[in-house]
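Engineer: Just a sequence and a predicted model for now, questions to come.
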Amino acid sequence: MKKCLSLLVLMVWCSVMVIAQQKKSVTPSPADTAKRPAALAPRPPQTGPKPYKEVITDKATTRKGLFTVHKLEDKWYFELADSLLNRDVLVVNRISKAPINTRAGFYGYAGDEINENVIRFEKGPNNKIWLRNISYSVYAKDSSKPMYKSVLNSNIQPIAAAFDIKAFSKDSAGVVIDITDFINSDNDILFFASYFKSSLRIGGVQSDKSYIADIRSYPINTEIKTVKTYSKTPAPGLIPGMPVAPAGNATFELNSSLVLLPKVPMRPRFYDDRVAYFTTEYTDFDADPQGVKDINIITRWRLEPKEEDMEKYKRGELVEPKKPIIFYIDPNTPAKWVPYLIQGVNDWQKAFEKAGFKNAIMARRAPTREEDSTWSLEDARYSAVVYKPSEIPNARGPHVHDPRSGEILESHIDWYHNVMSLLRNWYLIQASPSDPRARKAHFDDELMGDLIRFVSSHEVGHTLGLPHNMGASSATPVEKLRDKAWVEANGHTSSIMDYARFNYVAQPEDKIGPAGLYPRIGEYDLWSIEWGYKLLPGKTEEEEKDILNDWVKSCFSNARLRFLHADGMDPRAQTESLGDDNMKANEYGIKNLKWIVPQLPKWLNEKGEDYKNLDQVYDEVYTTYSRYMGHAVTYIGGIYTDLKTTDQDGAVYTVVPKALQKEALAFLQKNLFTTPTWLLNKAIMEKVTSPVEEKISSLQDTWLGALLNTSRLQRLISSTNRDANAYHLDDYMNDLKKGIWSELTTRAPIDNYRRNLQKAFVERLSVLASNTPPTGGGGGGISISFGPSVEVKKTDIISVARGTLRALKAEIAAAIPAYADKMSRYHLQDLNERIDRVLNPR
């Protein structure tokens, strides 16, 4: 009975399931659908902005500033006020913390700037916000002219990113966008520029090992801090074809500063070659009615009087600017150096007084976290001297500027710890004959602090817009460099922006003190700051240009107020040189080096230490000596360049007088090609690793190559077309030959150094005579530097080279029978055969 009942129940259950399945398969009528409750109808996906409270809930953490920043769980939102749309925003990206395995030269350290962009947020269609990457490389100023629209149409700014509007602000005067994915991506707006990634050998970002650390917002800037892990590309293999091990990963902490640029750009000041500033450039389609013109405007800080002080400023009274230039000293800087770095900044105050401002620039210690929790070294509102624990012996003074106007907005001076070793070497070698404090391995803090102050001032000058003025030191007569009263009062160069370093001309008997040995802010620096920063209220741009031009012309005759471009051809504008006559100045410099070298083992003797300091300083002696030779080489085929405008009289380009060129060659014959045996100090050579013997031959060959550089030889030819009294190429080549081969006249034995030099001479002339690249050999393996391309076959160079070889061959052949010294005779026979193969190839 139970069994039958169960079977009946099962049949009823099956019938019910079949009916239900049939009902499911029946398509409902429209009427049936209409009768359904609304809650059961399918809801279409919602698109477009949502109500503000649904996006930015009560759980969000909010920070107000330039952009209001909201954080909700792992999402970050920017609330952009409508007033900020279409405004230019400067993005400055820096490394906050760096790994040790990615450095490349000067780059890869904490504080380094790695990218810079101008961006603009603007509304697009379909509830989108565009982020455009803005360029100011082309320009048309007058919006009333057709050219303005044409330029815009041909230079549409690229859209770098697009964001959905998630919500409108509470007051409907702004929009909310989700910035999370953009910050988490690997883009070149917020992070590394592609060329930096290449130089640091980093690849793509690894998302699972990267994150947003924090975003803070301030009145005119928003700061984004991220941790980014990148794949590291391996270094090139040492052996071609051999595999290299993977390089792993590199993790950085990065900071991106988004800084609102002024709504009204600062009035620009146009560049003048005769004064020189760093510049920003653009192509102007309005400036020339019959074409286009490349415009350069100088980079400078915006210094303006307060409104209540404008009349005082116009009357010539000193006033304080609305916003002074302030540098903060990195909190990580060793405390004992902080006062010297501060003084290096403050030294520029007197320069700005020439421009009408007092207290215009200053340095301060960075506030502690307790004093100001909002202050940050990465904040682009603050300029700083950033101390870097680096082995690089250097310092740098870059700056960030508004590309629309040249206004400098901030600067981070890079101060590398090991710059002190460079200062020690320079000062010991250049100033120890005059300053006994420099005659030891480690300077006292007071002396090192003074040297730090000098470098600080130099780098600050760069941040003010000033480039190097390598010609400033040439305005000082050499005899004044030994005049104690004059040089201590005026300094050995008229600009701290020169690479004049220290007064190496001063001799021990001159008794010149530090004031005559150290560089300082000089006459040119005061003048250039006045030219760049003094305001001309009430003048139009054209009137201002005329006034500035008149200032330059009125000062042009004063060599101490001149800017000279270091083009490699003007002997007045050279690095590390002093005085108006390099040969005379460097004779004094060599005299000092000869006095220093024998004393180095005693000065650098430190108990328990090895000879590393002696090796390093001795190598610097060699390098300094080589520079002195290079100064003289520049005179050969030299051209003085005095840039002028069309309303100035006189030549722009002038051939260096023949007498000076011959004096330079005589200097080289005496101090370089005559073996400098004073460098071969046995007491030092037996304790250091530097192969000084090889270095002397290498140095002789290097500067011989510079003397026979085809561009230099062609300038000698061209100079005779400009000036009949110029140094003729054939005369020069004959003078060079006579000095290098002086033994042929006296029949004196030829030592090993001279034999190497003479082989190098024949090898280099052979290359010129055959117009073929060198194949090595000769003088221990040499390299030929041709410089800019000169087609030798179409010039007199090949003719003079072959003629010189013919004359030399005859002189060698005549001398060989008189030589009893076996090595000298072998040497001459060898070169006689080499020359014959060049002149009479089979």
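Structural biologist: Arrived safely, thanks for sending.

Engineer: I'd like the domain boundaries of the chain, if you could list them.
Structural biologist: 52-135+153-260, 719-842 (automatic domain parsing).

Engineer: Of those, which shows the lowest average pLDDT?
Structural biologist: Across those, domain 719-842 has the smallest mean pLDDT, namely a mean of 86.

Engineer: From one end of that domain to the other, what's the distance?
Structural biologist: Terminal residues of domain 719-842 are spaced 36 Å apart (Cα to Cα, to the nearest Å).

Engineer: That one: how far from the chain's middle?
Structural biologist: On the basis of Cα atoms, centre = their mean, to the nearest Å, domain 719-842 sits 40 Å off its chain's mean C-alpha point.

Engineer: same question, stretch 694-706
Structural biologist: Stretch 694-706 sits 29 Å away from the centroid of its parent chain (Cα atoms, centre = their mean).

Engineer: And it, what's buried?
Structural biologist: Neighbour counts using 16 or more other Cβ atoms under 10 Å place Lys695, Ile696, Ser697, Ser698, Leu699, Gln700, Asp701, Thr702, Trp703, Leu704, Gly705, Ala706 of stretch 694-706 among the buried residues. For every residue, glycine as well, the C-beta is placed using N, CA and C.

Engineer: and of those residues, the nearest to Phe106?
Structural biologist: Using Cβ to Cβ, Thr702 comes nearest to Phe106 of the buried residues of stretch 694-706, at 25.0 Å.

Engineer: ok, and the closest non-adjacent residue to the closest one?
Structural biologist: Spatially, and ignoring its direct neighbours in sequence, Thr702 is nearest to Ser626 (7.8 Å; Cβ to Cβ, 6 or more residues apart in numbering).

Engineer: List the contacts of that neighbour.
Structural biologist: With contact set as Cβ atoms under 8 Å, 6 or more residues apart in numbering, Ser626 has these partners: Leu699, Thr702, Trp703.

Engineer: for Arg560, same thing?
Structural biologist: Contacts here follow Cβ under 8 Å, 6+ apart; on that basis Arg560 touches Ala472, Ala475, Thr476, Ser494, Gly522, Glu523, Tyr524.

Engineer: List phi and psi for Tyr328.
Structural biologist: Main-chain torsions, Tyr328, degrees, to the nearest 10: phi -100, psi 140.

Engineer: of all the domains of the chain, which lies closest to Leu660?
Structural biologist: Using Cβ to Cβ, the domains of the chain put domain 719-842 closest to Leu660, at 9.2 Å.

Engineer: Check which helix or strand the nearest residue to Glu73 once chain neighbours are set aside maps to.
Structural biologist: Spatial nearest neighbour of Glu73, excluding adjacent residues (Cβ to Cβ, 6+ apart): Lys59 at 7.6 Å. Assigned by DSSP states H and E, Lys59 belongs to neither a helix nor a strand.

Engineer: Check Asp171 too.
Structural biologist: Remark: Asp171 resides in no helix or strand, with elements defined by DSSP H and E.

Engineer: picking that back up, any idea how far the residue nearest to Thr702 is from Thr795?
Structural biologist: 29 Å (Cβ to Cβ, to the nearest Å).

Engineer: Same check on Arg369?
Structural biologist: Going from Arg369 to Thr795 by Cβ to Cβ gives 68 Å.

Engineer: likewise Asp58?
Structural biologist: Asp58 is 83 Å from Thr795, by Cβ to Cβ.

Engineer: ok, the two, which is more surrounded?
Structural biologist: Thr795 (17 against 6; other Cβ atoms under 10 Å).

Engineer: Run through the residues that contact that one.
Structural biologist: So Thr795 contacts Leu713, Gln714, Ile717 (Cβ under 8 Å, 6+ apart).

Engineer: Just want the phi and psi numbers for it.
Structural biologist: Dihedral angles (degrees, to the nearest 10) for Thr795: phi -130, psi 180.

Engineer: and what of Pro219?
Structural biologist: Main-chain torsions, Pro219, degrees, to the nearest 10: phi -50, psi -40.

Engineer: and it, how many neighbours?
Structural biologist: Neighbours of Pro219 under the rule other Cβ under 10 Å: 9.

Engineer: same thing with the one 3 residues further on?
Structural biologist: By the other Cβ under 10 Å criterion, the neighbourhood of Thr222 contains 23 residues.

Engineer: any idea how far Leu66 is from it?
Structural biologist: Here the criterion is Cβ to Cβ. By it, Thr222 lies 5 Å from Leu66.

Engineer: With Ile189 instead?
Structural biologist: To Leu66, Ile189 is 16 Å away according to Cβ to Cβ.

Engineer: Now do the contacts for Ala110.
Structural biologist: Ile95, Ser96, Lys97, Ala98, Val386, Lys388.

Engineer: pretty sure the third one is touching Asn255, no?
Structural biologist: Same thing as Lys97. No. Using Cβ atoms under 8 Å, Lys97 makes no contact with Asn255, being 9.5 Å away.

Engineer: out of these two, which sits in the more crowded spot?
Structural biologist: It is Asn255, of Lys97 and Asn255, that has more neighbours when counted by other Cβ under 10 Å, with 26 against 14.

Engineer: Off-centre distance for the helix or strand hosting that one?
Structural biologist: Secondary structure assignment for Asn255, by DSSP H and E: strand 249-260. Centre-to-centre, strand 249-260 and its host chain are 21 Å apart (Cα atoms, centre = their mean).

Engineer: send the alpha carbons of that strand over as CSV?
Structural biologist: This file holds the C-alpha atoms of strand 249-260, laid out as CSV (Å, rounded to 0.1, in the frame of the first residue of the first chain):
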residue,chain,number,x,y,z
ASN,A,249,63.9,45.4,-10.8
ALA,A,250,64.4,49.0,-9.7
THR,A,251,62.1,50.6,-7.2
PHE,A,252,61.8,54.4,-6.9
GLU,A,253,59.7,56.8,-4.8
LEU,A,254,58.6,59.5,-7.2
ASN,A,255,57.0,62.9,-6.6
SER,A,256,54.9,64.8,-9.1
SER,A,257,54.2,68.5,-8.5
LEU,A,258,51.3,70.0,-10.3
VAL,A,259,51.7,73.7,-10.1
LEU,A,260,49.2,76.3,-11.4
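
Engineer: May I have the strands that pair with the next helix or strand after it, each with its orientation?
Structural biologist: Once the chain leaves strand 249-260, the next helix or strand it forms, by DSSP H and E, is strand 279-284. As defined by DSSP bridges, the strand partners of strand 279-284 come to strand 138-139 (parallel), strand 293-298 (antiparallel).

Engineer: Point out the least confident one among the buried residues of stretch 694-706.
Structural biologist: Scoring the buried residues of stretch 694-706 by pLDDT puts Lys695 last, at 88.

Engineer: Near the nearest residue to that one once chain neighbours are set aside, how many other residues are there?
Structural biologist: Excluding the flanking residues, the one nearest Lys695 by Cβ to Cβ, 6+ apart is Tyr622, at 5.8 Å. Neighbour count of Tyr622, defined by other Cβ under 10 Å: 16.

Engineer: For Thr493, the count of nearby residues, please.
Structural biologist: Counted by other Cβ under 10 Å, the residues lying close to Thr493 total 30.

Engineer: Mind telling me what element it is part of?
Structural biologist: For Thr493, there is no helix or strand it lies in under DSSP H and E.

Engineer: Could I get the pLDDT score of it?
Structural biologist: Looking at Thr493, its pLDDT stands at 97.
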